[in-house]
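show me how the following folds:
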Amino acid sequence: MAVVTFASGCFWGIEAAFQRVAGVIQTAVGYMGGSFENPTYKEVCTDRTGHAEVVQVTFDPARVSYEDLLEVFRQVHDPTQVERQGSDVGTRYRSAIFFHDADKTLAARESRDPLHASGRLRRPIATEITARRHVLASRRVSPEVSADVLCSARFSLRTGTLATA
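Numbers count the residues shown, from 1 in each chain. From the prediction side, this is the model:
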């Protein structure tokens with residue numbers, strides 16, 4: 001098994017996208033990338049912890065490649081938005097890939113650079129690619145509304161725009 005952690009806006013919708021991928025064994029949502037250990041939702045919402053909402057994906061590399069997961073990541077958000085996704089604004093909604101082992105760094109950068117150079121995007125890619133910081137601080141409370149309603153925005157690489165369902 002292998003693990004990768006993605007930040008790309010509201011974690012409920014991102015988690016739902018990865019749960020549909022064959023070869024994904026488990027997902028967990030929470031916070032990562034900040035300076036506080038085990039922050040609460042309320043603390044993260046202040047935008048003073050430095051944490052992003054993330055989904056940690058455990059997958060079977062024999063069934064789904066890391067590159068395939070990077071493609072899902074690119075499809076479910078707008079990688080050009082800085083500290084936001086759609087109407088969700090704040091550092092906790094930034095775009096980031098938190099790698100768990102060094103060989104994933106190169107693959108993440110190699111997947112980002114051709115997209116950036118392709119000219120399909122109107123703005124530069126803002127996705128942070130960094131080693132994971134702090135262990136995933138889990139968010140265990142289920143959303144009151146379905147993930148499809150809460151996080152219905154999807155980014156189109158074809159048009160370079162963010163669309164809502």
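
burial count for the closest residue to Val4 other than its chain neighbours?
For Val4, ignoring the flanking residues on the chain, the nearest one in space by CB to CB, 6 or more residues apart in numbering is Val57 at 5.4 Å. C-beta here means a position set from N, CA and C on the backbone, and glycine is covered the same way. Number of residues near Val57 (other CB atoms under 10 Å) recorded here: 26.

distance of Val57 relative to Val44?
For Val57, the distance to Val44 equals 20 Å [CB to CB, to the nearest Å].

need the strands for this protein, in chain order.
For the chain, strands defined by DSSP state E occupy the ranges 2-8, 24-32, 52-59, 84-85, 88-89, 95-99, 128-131, 137-138, 153-156, 161-164.

tabulate those strands (CSV), appending distance to Ala117 and mean pLDDT.
Below are the strands of the chain laid out as CSV (distance: least, CB to CB, whole Å; pLDDT from 0 to 100):
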stretch, distance to Ala117, mean pLDDT
strand 2-8, 21, 89
strand 24-32, 28, 90
strand 52-59, 25, 91
strand 84-85, 23, 72
strand 88-89, 28, 77
strand 95-99, 18, 87
strand 128-131, 16, 81
strand 137-138, 35, 58
strand 153-156, 18, 38
strand 161-164, 19, 40
